[in-house]
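> coords please:
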Amino acid sequence: KIFNYESNDARCYAISIQFQNGKWLNKFFCIDALFKSKEKSKIIKEFERRNDYQVFFVPTRDDVAYFIINNIKNELCEGKVNIYYNPLPFTSPPRIDENVKVAKRLFADLDFKEKVKNPDEKIVEKAKNKECMESEDHSLECYYLDGEDVVHVKRPAIKEIEEKIEKELGIKLSAVVDSGNGYHLFVELEDEIDIKTWEELENLFLKALEAIEIKVDKEVKNPARVLRLPGSINQRNERMASVIFYDTNIKYSVDELKNALNSVAKKAEEKKEKQKKKNESKADKFIRLKEDDIIKIVELLDDFYEPGNRHNIALYLGGWGAQENIHALDISEIIKRLYIKKGDNDDPRDRIYAIRDSYLKAGYDIREFEDDIKKQWGVENINFDKEVTSEPIKGKGGILEIIKNTLTNRGWNEKDAEKKATEIVLQIQSVFD
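From the prediction side, this is the model:
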């Protein structure tokens, strides 16, 4: 069905293989009858010299699936590489957006993974063994390693997502694929449409999903995007990607989808604008700390800003600061000074995102301070629109807990540790007051 197009702009279909060394090989399967001999010769000449492309010409559209499966069957059976496909066709190689002119399906990538902060030995062992548990409803829990990081996947049942989409958007999904970690959702169109119309509809689809609080990968929306091929192995956790269901009878016209998605997306924009005004009103009331206040809090937390505590100190102090209406730039300055003073070698963006997440969860959109925070930290590559952490923001209580646990681990008895932790927290509170 993926290769079942009628338009003469749908001339090539692509499979991409990522090898264990990280290199990519893009395989294009093009319909011979749709190319003039001169153009075909030019393509062959251009790509036969490239190590990252192979181009094959097949007799007719009906032969495409057979040729692809026959060509990649060894890689599929060995299961040692990541294999992807393009859900949309190309006019010709290479694999770039400009070479996609026609489409007949919308897609969305739902990702449910996040890095585990300070995992214990039990969790690390699970990650090393790539432990996964899947239920009959396709809910999934997995642990695996990404370099030195432990990644946790917690995927809900697909029925929950289907029902939410049907209830709130008024449409049914045409297909769902288990990508190995998340879900790929598809909505089929009744007709093949031009790519400009498709891009408008695709963006609308993703906005509507976000509006009903289904988290999508915002990067997976361009015409030349690849998705994991069903039947191939996800090398991260060694699970096979597979088709959960595909109903060829569920199709929508452009107008049907626009009507269904527009109202939801519009409500989401109105809600966002309303929240923005609310945030602006709140931001006017931010309290600025004096230099002496910042120095004092840095000194109070200095002895506890150590590996295992650093991320949570940024997260919890941010939450506490947000609750007390302390300006995010001042909390950021405190964490930055601790970061430098204590020789923190972790990615500084982790600390920045922790503060951002704390304020967002408290109802403050601090993106207006993004440039100031970049300048403050000397870091450019910051994405303030990235997904918010699911970690709890404990605020004052979290800081108390960190100090108490640190002292207990150093040999203090529990009563004295709690007394000292309370004393330090009260001193910070006096600064905020």
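
> Point out where this structure drops to low pLDDT.
268-269, 271-284, 387-392 (pLDDT under 70).

> So what's the gap between stretch 243-263 and the chain middle?
Distance, stretch centre to chain centre, for stretch 243-263: 24 Å (CA atoms, centre = their mean, to the nearest Å).

> what residues does that stretch touch?
1, 106, 138, 158, 169-178, 183, 186-191, 193, 197, 201, 204-205, 207-208, 230 (CB atoms under 8 Å, 6 or more residues apart in numbering). C-beta: built from backbone N, CA, C; applies to glycine.

> Which residue ranges of the stretch 201-350 of the chain form strands?
227-228, 233-234, 239-240, 242-246, 251-252 (DSSP state E, counting those that start in this stretch).

> Just send those strands back as CSV, with mean neighbour count too.
Putting those into CSV (neighbours: other CB atoms under 10 Å) gives the following:
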stretch, mean neighbour count
strand 227-228, 20
strand 233-234, 20
strand 239-240, 17
strand 242-246, 13
strand 251-252, 18
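
> can I get those in JSON lines with distance to residue 395?
Listed next are the strands of the stretch 201-350 of the chain as JSON lines, based on distance: least, CB to CB, whole Å:
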{"stretch": "strand 227-228", "distance to residue 395": "39"}
{"stretch": "strand 233-234", "distance to residue 395": "37"}
{"stretch": "strand 239-240", "distance to residue 395": "38"}
{"stretch": "strand 242-246", "distance to residue 395": "40"}
{"stretch": "strand 251-252", "distance to residue 395": "46"}
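
> Which of these sits closest to residue 383?
With CB to CB, the closest approach to residue 383 among the strands of the stretch 201-350 of the chain belongs to strand 227-228: 22.2 Å.

> And the closest one, what does it pack against?
Counting contacts by 3 or more CB pairs under 8 Å, 6 or more residues apart in numbering; DSSP states H and E, strand 227-228 packs against strand 82-85.

> which strands and helices sit next to the strand it packs on?
Counting contacts by 3+ CB pairs under 8 Å, 6+ apart, strand 82-85 is packed against strand 12-18, helix 64-78, strand 227-228.

> Now the second one: buried residues?
By neighbour count, with 16 or more other CB atoms under 10 Å as the criterion, the buried positions of helix 64-78 are 64-65, 67-68, 71-72, 75-76.

> Widest-spaced pair of those residues?
Farthest apart among the buried residues of helix 64-78 - using CB to CB - are 64 and 75, which lie 17.5 Å from each other.

> From residue 331, how far out is the closest residue to residue 285 other than its chain neighbours?
Residue nearest to residue 285 in three dimensions, not counting chain neighbours: residue 325, with 5.6 Å by CB to CB, 6 or more residues apart in numbering. For residue 325, the distance to residue 331 (CB to CB, to the nearest Å) stands at 11 Å.

> which of these two has more neighbours?
residue 331 (25 against 14; other CB atoms under 10 Å).

> tell me the contacts of the nearest residue in space to the more buried one that is not next to it in sequence?
With sequence-adjacent residues excluded and distances taken as CB to CB, 6+ apart, residue 331 is closest to residue 321, at 4.0 Å. Counting by CB under 8 Å, 6+ apart, residue 321 touches 327-328, 330-331, 358-359, 432.

> Let me have these in a markdown table, extended by distance to residue 369.
Converted to a markdown table, those look like this (distance: CB to CB, whole Å):
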| residue | distance to residue 369 |
| --- | --- |
| 327 | 8 |
| 328 | 6 |
| 330 | 11 |
| 331 | 11 |
| 358 | 13 |
| 359 | 9 |
| 432 | 19 |
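
> Return the member of those residues nearest to residue 100.
Nearest to residue 100, judged by CB to CB, of these is residue 359 at 39.2 Å.

> I figured the closest one hits residue 324, correct?
No: taking contacts as CB atoms under 8 Å, residue 359 lies outside contact range of residue 324: 11.6 Å.

> So for the two, which residue has more residues nearby?
residue 359 (27 against 17).

> Next one: the more buried one from residue 154, what distance?
Distance from residue 359 to residue 154, by CB to CB: 25 Å.

> for residue 33, same thing?
Separation of residue 33 from residue 154 (CB to CB): 48 Å.

> what's the burial count for residue 38?
8.

> so it is in which element?
Residue 38 is part of helix 37-47 when elements are defined by DSSP states H and E.

> Show me what whichever helix or strand comes after that helix is packed up against.
Remark: after helix 37-47, the chain's next helix or strand is strand 53-58, criterion DSSP H and E. In terms of contacts (3+ CB pairs under 8 Å, 6+ apart), strand 53-58 is packed against strand 24-31, helix 37-47, helix 64-78.

> so which of these gets nearest residue 288?
strand 24-31 (49.8 Å).

> buried residues in the closest one?
Buried residues in strand 24-31 (16+ other CB under 10 Å): 25-31.

> Can you report how many residues neighbour residue 399?
Neighbours around residue 399, by other CB under 10 Å: 26.
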